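In: Below is the sequence, then the predicted model.
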Amino acid sequence: MPSTDLLIATLNLTELEKRRPEVRQCFDAVRAKFEPLEDEAAQKKKYPDLCKAFKASLYHDAREQAEKLLQSFPAHPLLRMILAQICMNMKQTHEAAALLYRLEAEGLPEEVMLEMKARFCAATADESRSHKLKSELRHMLDTKEKVERETHMTVTAAASLTWAWLGALAGFSMAIIGGCGCFTTQVDTEQFLFGGLAFLGVGLLGPSLWWIRKNNKVLHELKVYRREKA
């Protein structure tokens, strides 16, 4: 497993990365910036050893290894984050606070900082503040995902509505041309062809009108919902 993924998994931030594109983009930038600079020994031994020591609650060893890796990569946010988590677990809250302050100044996604601040409050026995921050994080995630779903539904419905109107226009035109052709020509073959065109036009017009009605209803419901929410 690449070192970045290993650190993310150790910090229990994998689900947050999956849910939020901005968090994923931030971690992708970390991958692109630091992984090409890491030598094979660091990837195969130093990072796994750090994570194993952390998971085994060998925090003194884990801190020593994290600090050594930070000497090589002083701007690595995930290394700084895991060092902050180690300090929290060791109840070294002043050091953890300084690390978190620097991480926030570096512009990490708000979702990540809310999670780390909630952990910091839990480490300082401020359970009410920790619970409030976790609730704020859940509300932020749910709200952003809901807005994204509504936006996706609106875009999809608008695109479908455009194609439905084009289909209705094409079907109507085919039906008119076919119908008029049937009455104006006396040739059996031409009447058959015009009749087929009229039949296809009606067959296209019917579903298109149904799609227009359906997508108009979706857009109306979204508009009403947003008005009520506002």
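Out: It's in. Numbering: from 1, shown residues only.
In: use CA for all of it now, contacts and neighbours both
Out: OK.
In: where does this protein dip in pLDDT?
Out: Within the chain, the stretches with pLDDT under 70 are 41, 188, 225-230.
In: go with 80
Out: Residue ranges of the chain with pLDDT under 80: 1, 40-44, 151-153, 179, 181-192, 194-195, 215, 218-230.
In: Quick one: the strands in this protein, in order.
Out: Using DSSP state E, the chain contains no strands.
In: How about residue 19, nearest residue that isn't a chain neighbour?
Out: Spatial nearest neighbour of residue 19, chain neighbours left out: residue 141 (7.9 Å); criterion: C-alpha to C-alpha, 6 or more residues apart in numbering.
In: List the contacts of that neighbour.
Out: 19-20, 111 (C-alpha atoms under 8 Å, 6 or more residues apart in numbering).
In: what are the ranges of the helices in the protein?
Out: Using DSSP state H, the helices found in the chain span residues 3-10, 14-19, 21-34, 40-41, 47-55, 59-72, 77-89, 93-105, 110-123, 127-184, 188-229.
In: just those: most buried one?
Out: helix 77-89 (a mean of 22; mean count of other C-alpha atoms under 10 Å).
In: Pull the distance from that one to the chain's centre.
Out: Here helix 77-89 is found 25 Å from its chain centre; the criterion is C-alpha atoms, centre = their mean, to the nearest Å.
In: likewise stretch 8-26?
Out: Per C-alpha atoms, centre = their mean, the centroid offset for stretch 8-26 relative to its chain is 10 Å.
In: That stretch: end-to-end distance?
Out: Across its full length, stretch 8-26 reaches 12 Å between end residues, using C-alpha to C-alpha, to the nearest Å.
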